[in-house]
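> Provided below are the primary sequence and the corresponding predicted coordinates.
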Amino acid sequence: MARNADLVILNGKVLTMDAGAPRAEAVALAGGAILAVGTTEEIRELAAPGAKVIDAAGGTVMPGFIDSHVHLFQGSAALEFMAMEGVASAEDAARTIRAYADANPDEPMILGTSTAYGLIGGRNPTRHDLDAILSDRPLALLSPDIHTLWANTMALRQAGLLHGAPVPEGSVIVMEAGGNATGELQETGAFGPVLKLSRTGGRDMLGYVTGAEPEPPATEAERAADRRLIAKGLAHAARHGITTMHNMDGNFYQLELLSDLEASGDLHCRMQVPFHLKNYDPLDRLEEAAEMKRLYTGDRVWSGRIKMFMDGVIDTHTALMTRPYPGTETVGEPVFEPDHFNEACIRADAMGLQISVHSIGDLATRRTLDGYAAARTKNGVRDSRHRIEHIEVIHPDDLPRIAQLGAVASLQPRHSALGDYFPLIPQGTILHDDQYPYAFAWQRIRDTGAPVIFSTDWPVVPVDVMRNIQCAIAPMQPGAPWDVRPQSLMDTLASYTSGNAWVEFNEGRKGQLAPGQMGDVVVMDRDLEACEPEQIHAARAMVTICGGAITYSG
């Protein structure tokens, strides 16, 4: 073979994720693609004069990580908004908020991200709590899961929500006696107006809140600011070895910004962007999803998928359950009613669109599967690879249905209460004892033969691949009533690489280190197979390569 590799990686522990040739020592790239995989001696011989040479020094070399569930624009903005991560008390909150406000006197609204539930002595903050901290400027705090926002009185007043307002089904403005809002806003239909007060004008979350375009249209100055912000987020993801991300919110505006970044050479990760169908949208809006699919078909920016919500989250009892939460009469808040959802699935499936649905509770997952079954019955069986996002609780009767319907379990190990980020769920609060073995039941789902893919849901949790991997292979073991089943390292790595390439219909083109596939590679700073499971979070990307170009070098 001619010496035409322009980049070679030598002396590595190569995990190709290709069952035909699973391990090697070195990788050669040419023209943005994988040229060859082999021994260090073989690959060194392929290097053209002047080729870039990377010494992996015994570290794992593998396909670039694919994070299959992120909110890129929101995650990028969160890098600059007020960080509430780790703030665990009212006193800490007051110090953090006042310090940020003093340092940012021109910020139109102080917006905090990753604010813990139960921040005020075990309960959620009210507008009065926030007024006591900051009353003369708008203030809003987003929960880690981005499903709840707490606002002070000034923010509520400026957003037109202080005395309540109509909201879509599944969203709630919590009211206090006397007819005023408490300050707690549940789901995007309730807190969308508050986000418009922020520095980004809410454009960072518009694809999540409505899926519509900025109105009025963004100015060129705003577009430039948004491109800068997204570029910062892409570079941040590349630092973690990520070469592709699947966005979970979208509109034409985001696709345009990403295309601009691609044209300028600043797109450090490949991006898939869906159309976001809300429960109040006419189904004719699916024509917009078809237009996205037609217009955006590249290897670096593409569409072809829709996103819907079936329910909320367990923390606010808005996740949809098959029976009431312990000690309550509520089963959660359905976002779509079954007939409406089924028709949306049938129409999207008939258009050849892939579907991804946010589904937290066991009844939400059952209804999502029912919608996929309705599409199969109406349209016939096809290789749709429709996705179910999260599946935090599943009913045992529904476990086999994922594989039976050709669906995909899209999971986030660090979301689990058995991970290292969110607290354990106390008995008698959210789950019944017999539900615990089926909560965050990633290995049980995998054992059914259902495809399992992994992601972070950044910025719900940081876009840190290795922390997520640790939560899969070394989860907490709190004992009964939990039934915790760790996953293997190789299964987990596959769910972050070849599995995620498969779910985007790119198997054979990416997700493996094999000749002819896209030149997306990550070089880790150590041998992952030699790491203790509880310590694998310390592993870091040393070099990230996307399309043969180095996007990060530590």
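Perfect, I can see it now.

> use CA for all of it now, contacts and neighbours both
Fine.

> check contacts around residue 16.
Contact analysis of residue 16 by CA atoms under 8 Å, 6 or more residues apart in numbering lists 22, 23, 24, 61, 62, 63, 512, 513, 514.

> give me every residue that touches the fourth one.
Taking CA under 8 Å, 6+ apart as the criterion, residue 61 is in contact with 12, 13, 14, 15, 16, 521, 522, 523, 524.

> what about 10 Å?
Contacts for residue 61 (CA atoms under 10 Å, 6 or more residues apart in numbering) come out as 9-16, 23-27, 513, 521-528, 541-543.

> try the second one
With contacts taken as CA under 10 Å, 6+ apart, residue 23 has the following neighbours: 12, 13, 14, 15, 16, 17, 37, 38, 39, 61, 62, 513.

> per-residue confidence at it?
At residue 23, the model reports a pLDDT of 98.

> for it, phi and psi?
The phi/psi pair for residue 23 (degrees, to the nearest 10) reads phi -140, psi 150.

> quick one: it and residue 426, what's the gap?
As for residue 23, its distance to residue 426 is 43 Å (criterion: CA to CA, to the nearest Å).

> Over to the third one?
Shown here: residue 24 relative to residue 426, a distance of 46 Å by CA to CA.

> Isn't residue 56 up against residue 544?
No: judged on CA atoms under 10 Å, residue 56 makes no contact with residue 544 at a distance of 11.8 Å.

> Looking at the two, which is more packed in?
Ranked by neighbour count (other CA atoms under 10 Å), residue 56 and residue 544 place residue 544 first, with 29 against 23.

> which stretch of helix or strand covers the more buried one?
Following DSSP states H and E, one finds residue 544 within strand 541-546.

> so how far is that strand off the chain centroid?
What separates the centre of strand 541-546 from the centre of its chain is 20 Å, taken as CA atoms, centre = their mean, to the nearest Å.

> For it, buried residues please.
By neighbour count on 16 or more other CA atoms under 10 Å, the buried set for strand 541-546 is 541, 542, 543, 544, 545, 546.

> burial measure for residue 166, as a count.
If we define neighbours as other CA under 10 Å, then residue 166 has 11 of them.

> Return the residues in contact with it.
When contacts are counted by CA under 10 Å, 6+ apart, residue 166 touches 172, 173, 189, 190.

> rewinding a little: okay if I get the buried residues of strand 541-546 as JSON lines plus pLDDT and distance to residue 314?
Listed next are the buried residues of strand 541-546 as JSON lines, based on pLDDT from 0 to 100; distance: CA to CA, whole Å:
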{"residue": "541", "pLDDT": "98", "distance to residue 314": "33"}
{"residue": "542", "pLDDT": "98", "distance to residue 314": "37"}
{"residue": "543", "pLDDT": "98", "distance to residue 314": "38"}
{"residue": "544", "pLDDT": "98", "distance to residue 314": "36"}
{"residue": "545", "pLDDT": "98", "distance to residue 314": "38"}
{"residue": "546", "pLDDT": "98", "distance to residue 314": "37"}
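
> from these, which is closest to residue 5?
residue 545 (14.5 Å; CA to CA).

> what ranges do the strands span in the stretch 201-350 of the chain?
Assigned by DSSP state E, counting those that start in this stretch, the stretch 201-350 of the chain shows strands spanning 242-247, 270-272, 275-276, 301-302, 305-309.

> mind checking how far residue 304 is from residue 286?
Taking CA to CA, one finds residue 304 at 11 Å from residue 286.

> so what sits against both of these two?
275, 292, 351, 353.

> burial measure for the residue nearest to the third one when sequence neighbours are not counted, as a count.
Spatial nearest neighbour of residue 351, chain neighbours left out: residue 290 (7.3 Å); criterion: CA to CA, 6 or more residues apart in numbering. Neighbourhood size, residue 290 [other CA under 10 Å]: 19.

> Now do the buried residues in stretch 511-520.
Those would be 511, 512, 513, 514, 515, 516, 517, 518, 519, 520, for stretch 511-520 by 16+ other CA under 10 Å.

> The second one: what's it in contact with?
Meaning residue 512. With the criterion set at CA under 10 Å, 6+ apart, residue 512 makes contact with 15-19, 22, 34, 62-64, 494, 497-499, 501, 518-521.

> One more: the fourth one?
With contacts defined as CA under 10 Å, 6+ apart, the neighbours of residue 514 are 16-18, 20-22, 27-28, 33-37, 63, 508.

> Listing request: residues of the stretch 301-450 of the chain with sub-threshold pLDDT.
In the predicted model of the stretch 301-450 of the chain, no residue satisfies pLDDT under 70.

> any chance you could map the helices in it?
338-350, 362-379, 401-404, 442-447 (DSSP state H, counting those that start in this stretch).

> winner for burial among the strands of the stretch 201-350 of the chain?
strand 275-276 (a mean of 30; mean count of other CA atoms under 10 Å).

> Tell me the helices and strands packed up against that one.
helix 206-209, helix 286-295, strand 305-309 (3 or more CA pairs under 10 Å, 6 or more residues apart in numbering; DSSP states H and E).

> can you do 8 Å?
helix 286-295, strand 305-309 (3 or more CA pairs under 8 Å, 6 or more residues apart in numbering; DSSP states H and E).

> where does this protein have low pLDDT?
Short version for the chain, where the test is pLDDT under 70: 1-2.

> how about 80 then?
Along the chain, segments meeting pLDDT under 80 span 1-3.

> hang on, residue 117 in a strand?
No: counting by DSSP: H, G, I helix; E, B strand; the rest coil, residue 117 falls outside a strand, being coil.

> so who does residue 316 touch?
Counted by CA under 8 Å, 6+ apart, residue 316 has contacts residue 186.

> separation between it and residue 170?
Taken as CA to CA, the span from residue 316 to residue 170 is 12 Å.

> And for residue 258?
31 Å.

> you'd agree residue 24 is up against residue 18?
No: Residue 24 lies out of contact with residue 18 (CA atoms under 8 Å); the separation is 10.8 Å.

> ok so, going back, report the two of the contacts of residue 23 separated the most.
Pairwise distances across these (CA to CA) peak at 16.5 Å, for the pair 17 and 39.

> Those two: which has the busier surroundings?
It is residue 17, of residue 17 and residue 39, that has more neighbours when counted by other CA under 10 Å, with 22 against 17.

> now that one, what's its secondary structure?
Per three-state DSSP, residue 17 ends up coil.

> Quick one: residues contacting it.
62, 63, 494, 497, 498, 511, 512, 513.

> Give me the subset of these lying in strands.
With strands taken from DSSP state E, the overlap with these comprises 62, 63.
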